[in-house]
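Colleague: got a structure for you, letters missing:
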């Protein structure tokens, strides 16, 4: 099984000092407390799908791989980013953040193709949930459909692997709209604009286009009864270079 993930989304405090903020993050927020070796991979966030995403306009992500997650340490790390209380970080007070603990579900799925205009270590994160407060879709139904749906996504040129996770929200701002139940992390080999064009061409860009596809194409999983309650939010994660 792959390691668990601690994922932190943040919004750069100000365009004029974004580079300074990233340098501060790299030097001051380098590890999960109590997790040796748990250094983050950091990314620029680029919205991927048509579904409504988080209104907070998150711009950056940090992804930590952790073998034995400690909820207390994870909460402390998120609080540090949110409060920016360390020495030298006074200009970054009240950074907007959301964070999650992601525990793997099942095995990693590989497509086996690595061609295309490579964007090394780029990811696409798709958050999902279905149902409402009074009619929650059971895990078995949601997970069963998504496991079949992975083959449809991995048939899109530029998508090379998929790993699903169970999410626990560590922190979220008031009014946050990111679905916090399931996550799928895809590895990708095309820039965001090309991925979007491929998804649009195959009618896999949004919940509405997928619904239209299923009315004319019976291959793949059938449209579940709860589809009108499904929610997605998705970003492409582009690795941050040292000077950003």
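Modeller: Looks like it came in fine. Predicted, not measured: the structure shown is a model, and the values here were computed from it. Residues are numbered from 1 along each chain as shown.
Colleague: tell me the secondary structure for the spatially most central residue of the chain?
Modeller: Geometric centre of the chain, nearest residue: residue 125, 3.0 Å, by C-alpha atoms, centre = their mean. In three-state terms, and counting by DSSP: H, G, I helix; E, B strand; the rest coil, residue 125 is strand.
Colleague: Roughly how far does it sit from residue 217?
Modeller: The gap separating residue 125 from residue 217 is 26 Å, by C-beta to C-beta, to the nearest Å. Heads up, the C-betas are built off the backbone N, CA and C, glycines and all.
Colleague: Repeat that for residue 109.
Modeller: Counting by C-beta to C-beta, the gap from residue 109 to residue 217 is 21 Å.
Colleague: More neighbours: which of those two?
Modeller: Higher neighbour count among residue 109 and residue 217: residue 109, with 17 against 11, using other C-beta atoms under 10 Å.
Colleague: Pretty sure the residue nearest to the centre of the chain sits against residue 183.
Modeller: Yes. Using C-beta atoms under 8 Å, residue 125 is in contact with residue 183, at 6.3 Å.
Colleague: Do you have the strands of the chain handy? List them.
Modeller: Assigned by DSSP state E, the chain shows strands spanning 4-10, 41-47, 60-66, 97-110, 123-129, 131-132, 135-136, 159-171, 182-188, 231-239.
Colleague: Which stretch among the ones you listed approaches residue 208 most closely?
Modeller: strand 231-239 (11.1 Å; C-beta to C-beta).
Colleague: Run me through the strand neighbours of the closest one, direction for each.
Modeller: Next to strand 231-239 in the sheet, as set by DSSP bridges, lie strand 41-47 (antiparallel), strand 123-129 (antiparallel).
Colleague: would you turn those strands into a markdown table with distance to residue 159 and mean pLDDT?
Modeller: Supplementary listing: those in a markdown table, determined by distance: least, C-beta to C-beta, whole Å; pLDDT from 0 to 100:
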| stretch | distance to residue 159 | mean pLDDT |
| --- | --- | --- |
| strand 41-47 | 15 | 88 |
| strand 123-129 | 7 | 95 |
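Colleague: Return the most buried member of these.
Modeller: Stretch with highest mean neighbour count among these: strand 123-129 (a mean of 22; mean count of other C-beta atoms under 10 Å).
Colleague: from the middle of its chain, how far away would that strand be?
Modeller: Centroid separation for strand 123-129 versus its chain: 5 Å, with C-alpha atoms, centre = their mean, to the nearest Å.
Colleague: Residues touching the longest helix along the chain, excluding its own?
Modeller: Ranked by number of residues, the top helix in the chain under DSSP state H is helix 139-154. Contacts to helix 139-154, defined as C-beta atoms under 8 Å, 6 or more residues apart in numbering, come from residues 105-106, 109, 111, 128-130, 159-162, 164, 181-182, 184, 186, 204, 220-221, 224, 226.
Colleague: What subset of those is buried?
Modeller: 105, 109, 111, 128-130, 159-162, 164, 181-182, 184, 186, 204, 224, 226 (16 or more other C-beta atoms under 10 Å).
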